[in-house]
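Q: need a structure here:
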Amino acid sequence: MSVSTTAEISAALEGLAAELGDRLVFDPEIRSQFETDFGRWRFQTPAAVARCRDAQDVARVIRYCRERKIPIAPRSQGHTQSGQSLTRGVLIDTAAMAEILEIGEDYALCEAGVVWRDLVIATTERGLIPPVLTNNLSVTVSGTTSVAGLGVASFRHGSQADNAIEIECVTGDGEIHLCSREQEPELFDMVRCSLGQIAVITKVKTRLRKVAPMVRMYTLVYDDLGRFMEDAVRVMDPSNPTFATAGGICSPAPMGFRRIGEGLELGKGMIGYGLWLFPMYLTIEYEPGSEPDDDEALEPLSPWRLVQTQDVTALEFARRMEPMFEAWKLSGYWEQPHPWMETTLPWNRAQEFIETVLSNLPPGALGPGGHVLLWPARTDASDVPLFMHPGGNIVLGWGVLGSVPAAKHEEMLMQLEMASELSIAYGGKRYLSGYITFDTAERWAAHFGDQWEPLKAAKKRWDPDGILAPGFIQYE
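A: Numbers count the residues shown, from 1 in each chain. So this is what the prediction gives:
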């Protein structure tokens with residue numbers, strides 16, 4: 001049996017509704033809450049929302065839908081930006097699976113819908129913390145494990161997917177699995193960073209590490225990207241354990257307007273210009289009474305300015321971005337379209353690429369709250385096969401995180417597309433939660449490289465009918 005229209009899918013789900021009861025939701029108002037993701041530029045309303053409580057519920061949904069060829073998409077907080085978690089079929093909402101089941105000396109066992117903020121609050125009380133945290137803590141352990149999950153400690157500890165110890169998941173054939181590096185390692189490798197294409201994650205056992213109570217934060221500013229990169233290499237040196245985290249941004253200092261055509265109309269005759277600066281944010285963790293020696297820590301580095309030094313608790317540092325996110329919400333920025341374009345670049349080509357793009361990016365082009373990320377990383381910190389990155393020991397992550405009014409949306413998409421294509425031409429690899437327009441199997445094969453055939457084989461083995469998140473990755 002195969003169904004295609006929303007009405008046909010809804011009718012075909014009557015039997016599943018009898019099994020799940022009010023956990024299968026058809027209410028149009030609730031379904032509309034899941035019609036888009038954080039990008040807010042692609043839309044698709046699910047025929048039903050399944051609020052599963054555990055792996056058994058997820059298995060029921062998958063088995064039922066598989067028989068009827070009904071598509072399924074798992075969704076956590078929906079932080080993707082190109083419709084990766086959208087479906088016209090059944091959307092599995094993991095919000096009801098949000099319990100921290102166990103915290104051990106070096107691990108936490110979490111249900112799929114646990115948000116990282118809740119986990120960090122619980123673990124820092126015990127002097128523990130996940131090795132890698134994304135800037136936005138309002139995303140889930142299953143969501144970031146499905147993509148990678150990068151943060152300012154990734155140069156030391158890889159991605160959040162690298163720090164998954166064990167995963168409970170339900171594959172596209174409706175079977176429940178417990179996989180790890182030792183148990184079903186092939187599935188473990190294909191579930192991480194595959195965006196729900198192989199299985200729906202229902203639990204994650206993730207690493208924890210000890211953390212000191214206090215963190216000293218340094219804000220260094222560079223007026224030269226090359227010098228920023230030179231110091232980033234020193235910071236990331238495995239023989240130098242001084243700094244716990246390292247990240248940065250490209251920050252414009254607007255200078256005025258320059259002529260690009262006839263007249264004075266902004267965007268046609270005139271365009272903004274400015275000087276790009278490159279702040280680097282570093283931290284050192286310490287015990288009270290054993291404060292770090294700033295001069296000794298910073299002596300090997302050559303910033304243009306040391307702008308700020310401040311001390312915060314480990315929990316405050318983990319949550320440092322929340323005031324900015326709150327400001328975005330109050331200003332309305334959070335509700336605007338914001339397809340974000342993130343990429344990892346070969347170290348030896350990153351400076352040329354970034355300077356080329358920034359020279360054509362007016363300071364105000366990203367809208368209020370928009371910014372450009374920089375994050376240096378070591379590739380030997382990650383061993384997840386499907387997290388694709390350029391070769392070499394070190395890479396530079398770069399991301400355009402903009403948001404503009406609807407009238408400027410198409411213009412922004414065009415700029416993102418050009419930046420994306422240029423990054424690939426420079427040997428970069430796109431980060432797959434953001435603005436992605438790969439529309440052929442050839443494009444996906446180029447992205448995944450030598451992992452393309454293993455991914456296709458995994459799809460055929462564990463999702464033989466192709467019902468999990470269809471449409472995002474084209475296999476043929």
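Q: By residue count, tell me the biggest helix in this structure.
A: Scanning the chain for the longest helix, with DSSP state H as the assignment, gives helix 409-425.
Q: how about it as CSV, C-alpha atoms only?
A: What follows is helix 409-425, C-alpha atoms only, in CSV (Å, rounded to 0.1, in the frame of the first residue of the first chain):
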residue,chain,number,x,y,z
HIS,A,409,15.4,37.2,1.9
GLU,A,410,16.0,36.2,-1.7
GLU,A,411,19.1,38.4,-1.9
MET,A,412,20.5,36.8,1.2
LEU,A,413,19.9,33.3,-0.2
MET,A,414,21.8,34.2,-3.3
GLN,A,415,24.7,35.5,-1.3
LEU,A,416,24.7,32.3,0.9
GLU,A,417,24.6,30.1,-2.2
MET,A,418,27.6,31.9,-3.7
ALA,A,419,29.5,31.6,-0.5
SER,A,420,28.6,27.9,-0.2
GLU,A,421,29.7,27.1,-3.7
LEU,A,422,32.9,29.1,-3.3
SER,A,423,33.7,27.3,0.0
ILE,A,424,33.3,23.9,-1.8
ALA,A,425,35.6,25.2,-4.6
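Q: So which elements touch it?
A: Applying 3 or more CB pairs under 8 Å, 6 or more residues apart in numbering; DSSP states H and E, one finds that helix 409-425 contacts strand 341-346, helix 347-358, strand 394-401, strand 429-430. All C-beta atoms are positioned from the backbone trio N, CA, C, and that covers glycine.
Q: Just the element for I30, please.
A: Per DSSP states H and E, I30 falls inside helix 28-32.
Q: can you tell me the average pLDDT over the helix or strand following that helix?
A: Using DSSP H and E, the helix or strand that directly follows helix 28-32 along the chain is strand 48-50. Average pLDDT, strand 48-50: 98.
Q: Would you map the strands across the stretch 51-200 of the chain?
A: Counting by DSSP state E, counting those that start in this stretch, one finds strands in the stretch 51-200 of the chain at the ranges 72-75, 90-93, 100-103, 107-111, 128-129, 164-171, 176-180, 199-207.
Q: other SSEs contacting the third one?
A: What it means is strand 100-103. Packing contacts for strand 100-103, counted by 3+ CB pairs under 8 Å, 6+ apart, involve strand 107-111, helix 116-124.
Q: Could you rerun that using 10 Å?
A: Counting contacts by 3 or more CB pairs under 10 Å, 6 or more residues apart in numbering; DSSP states H and E, strand 100-103 packs against strand 107-111, helix 116-124, strand 199-207.
Q: Kindly reformat those as CSV containing mean neighbour count, mean pLDDT and distance to F317.
A: Formatted as CSV, the helices and strands packed on strand 100-103 follow (neighbours: other CB atoms under 10 Å; pLDDT from 0 to 100; distance: least, CB to CB, whole Å):
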stretch, mean neighbour count, mean pLDDT, distance to F317
strand 107-111, 22, 99, 19
helix 116-124, 20, 99, 10
strand 199-207, 25, 99, 19
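Q: Out of these, the one nearest Q160 is which?
A: Using CB to CB as the measure, strand 199-207 is the one of these that comes nearest Q160, at 7.2 Å.
Q: what lines up beside the closest one in the sheet?
A: Its sheet considered, strand 199-207 pairs with strand 107-111 (antiparallel), strand 164-171 (antiparallel) by DSSP bridges.
Q: any chance of the ones you listed in TSV, with distance to T242 too?
A: As requested, the strands paired with strand 199-207 are exported to TSV (distance: least, CB to CB, whole Å):
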stretch	distance to T242
strand 107-111	27
strand 164-171	28
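Q: between those strands, which gets nearest to L208?
A: Comparing the strands paired with strand 199-207 by CB to CB, strand 107-111 comes nearest, at 5.7 Å.
Q: Tell me the gap between that closest one and the middle of its chain.
A: Average the C-alpha atoms of strand 107-111, do the same for its chain, and the two points are 20 Å apart (CA atoms, centre = their mean, to the nearest Å).
Q: go on, stretch 114-126?
A: Worked out by CA atoms, centre = their mean, stretch 114-126 lies 19 Å from the chain centre.
Q: and what of stretch 317-330?
A: Its chain's average C-alpha position is 17 Å from that of stretch 317-330, according to CA atoms, centre = their mean.
Q: Would you mind telling me which of the helices and strands packed on helix 409-425 is nearest L137?
A: strand 394-401 (16.2 Å).
Q: Output the strands of the stretch 51-200 of the chain as a markdown table; include the columns distance to K456.
A: As requested, those are exported to a markdown table (distance: least, CB to CB, whole Å):
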| stretch | distance to K456 |
| --- | --- |
| strand 72-75 | 19 |
| strand 90-93 | 23 |
| strand 100-103 | 34 |
| strand 107-111 | 30 |
| strand 128-129 | 37 |
| strand 164-171 | 15 |
| strand 176-180 | 19 |
| strand 199-207 | 15 |
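Q: Out of those, which is closest to R430?
A: strand 72-75 (20.3 Å).
Q: how does the protein divide into domains?
A: 6-96, 100-210, 214-430 (automatic domain parsing).
Q: wait, isn't S382 in contact with N393?
A: No: with contact defined as CB atoms under 10 Å, S382 does not count as touching N393 (11.7 Å).
Q: what about those two, which has more around it?
A: For S382 versus N393, the count of surrounding residues by other CB atoms under 10 Å is larger for S382: 20 against 12.
Q: if you skip the residues just before and after it, what's nearest to the more buried one?
A: Of all residues not flanking S382 in the chain, G158 sits nearest, at 3.9 Å (CB to CB, 6 or more residues apart in numbering).
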